[in-house]
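1. Task: produce atomic coordinates for the following.
(one chain, ligands or ions: 1)
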Amino acid sequence: MKLPIGRAWEERVDKMGNRSRGEAERSTARMEGELYKGEDYKTEFQPQNYLKTYYAFDSGTIAENEVLKFNLNNLFETFSPGGMGGDILIDIGSGPTIYQLLSACEVFREIIMSDYTELNLREVDKWLKKELGAYDWSPAVQYVCELEGDRSKWQEKEARVRRTVKRLLTCDVNQPRPLGSAQVPAADCVLSLLALECACRDVDAYRAAIQNLVGLLKPGGHLVTLVALRCCEYMVGSRKFFVLSLEQETVEKALQEAGCQVLKCQYSPIKYSEAFCLNEGFCFVVARKGPGA
Ligand SMILES: C[S@@+](CC[C@H](N)C(=O)[O-])C[C@H]1O[C@@H](n2cnc3c(N)ncnc32)[C@H](O)[C@@H]1O
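-> Predicted structure coming up:
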């Protein structure tokens, strides 16, 4: 097998398996602090480690809990009855999480979830099917039910999410058609939380990814995104992943260039625990796709 010119490595199949010298060199580089990114997500991003670190709710760390509540409060305000709603919501870069749908499931008829890795989609599927070992989202569900005025309705809420999520698709935001060949109707809302800064290697790629997401929307549809600002890396278990450092202005400009009007940009100075993620604040953004976009 001819290896790429420029980084041509002598292919050496060792007695232990099929690891080439290239892989061995890459994993050594990683141990010396290189960041995981791109295709690495498919093998190195462990859903359960991610959930335990960032979504342990009240039994977890204070900073991560504060971030989750900032997110849930903004999602509640955005998707409250009488606010935004419609037929189809597409969640891009869902990861192994479902918290992002707890308010949206009340105002959209159909939700399509998507992620870059099968492992994450499998984790979501376990929860949707109430399988053994599925993650316990009940603390977050109860929190959102309390925001809605009745904490006791949390099991009905979980059932509603399970009824409303109709499809799990793989996606890649760096492709002009992020959902590939999947046939999906134009969406009333595209949701993407904490994903683009992980998926895009530079600002040009981020701007292109925003264009790709806007392309999934009907004219007049909404793009809702949460961005960890000025971030450079984050931990999932023992793995350190690359994050593109973004400013709030860069996010807003990318949306405007993609033909959207920024309706809300809620900034917060809160941060993750430094042991897990180095960021400086968040912005929760709601934008509307213009008629000509
Ligand atoms: C920090 S996690 C965010 C997960 C979830 N949205 C949340 O709010 O916690 C980043 C996610 O981006 C996904 N991702 C990485 N590269 C991607 C790409 N090129 N296209 C779409 N998603 C990607 C990863 O699989 C992972 O689920």
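
2. Report the closest residue of this structure relative to the ligand.
-> Residue nearest to the ligand within the chain: Gly95 (2.6 Å; C-beta to the nearest ligand atom). For glycine as for every other residue, the C-beta is placed from the backbone atoms N, C-alpha and C.

3. burial of that residue, as a residue count?
-> Gly95 is flanked by 26 other residues according to other C-beta atoms under 10 Å.

4. mind checking the SS state of it?
-> Three-state assignment for Gly95 (DSSP: H, G, I helix; E, B strand; the rest coil): coil.

5. tally of neighbours for the nearest residue to it once chain neighbours are set aside?
-> Leaving out its chain neighbours, the residue that sits closest to Gly95 by C-beta to C-beta, 6 or more residues apart in numbering is Asn120, at 5.2 Å. Using other C-beta under 10 Å, the number of residues around Asn120 comes to 25.

6. per-residue confidence at the residue of the chain closest to the ligand?
-> pLDDT for Gly95: 98.

7. Quick check: residues of the stretch 1-150 of the chain near the ligand?
-> Contact residues (C-beta under 6 Å from any ligand atom) of the stretch 1-150 of the chain with the ligand: Tyr41, Phe45, Gly93, Ser94, Gly95, Thr97, Gln100, Asp115, Tyr116, Thr117, Asn120.

8. Who are the contact partners of the residue nearest to Gly95?
-> Shown in contact with Asn120 (C-beta atoms under 8 Å, 6 or more residues apart in numbering): Phe45, Pro47, Ser94, Gly95, Pro96.

9. Equivalent analysis for Leu263, please.
-> Leu263 sits next to His222, Val286, Ala287, Arg288 when contact means C-beta under 8 Å, 6+ apart.

10. Now with 10 Å, please.
-> Going by C-beta atoms under 10 Å, 6 or more residues apart in numbering, Leu263 touches Thr78, Met84, His222, Leu223, Val224, Leu255, Val285, Val286, Ala287, Arg288.

11. Can I have the buried ones of those as a PyMOL selection?
-> In PyMOL, a selection of the buried entries from the contacts of Leu263 looks like this (16 or more other C-beta atoms under 10 Å):
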select buried, resi 78+84+222+223+224+255+285+286+287+288
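
12. In helices only, show me the contacts of Leu263.
-> Among the contacts of Leu263, the subset assigned to helices under DSSP state H consists of Thr78, Leu255.

13. Kindly reformat the contacts of Leu263 as CSV containing pLDDT.
-> Below are these laid out as CSV (pLDDT from 0 to 100):
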residue, pLDDT
Thr78, 97
Met84, 90
His222, 98
Leu223, 98
Val224, 98
Leu255, 98
Val285, 98
Val286, 98
Ala287, 98
Arg288, 98
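
14. So which of the contacts of Leu263 are in strands?
-> Those of the contacts of Leu263 mapping onto strands are His222, Leu223, Val224, Val285, Val286, Ala287, Arg288, per DSSP state E.

15. Is the fourth one bridged to anything, and to what?
-> Just to be clear, that refers to Val285. Listed beta-bridge partners, Val285: Thr225, Cys265 (assigned using DSSP bridges).

16. Many thanks, I have nothing further to ask.
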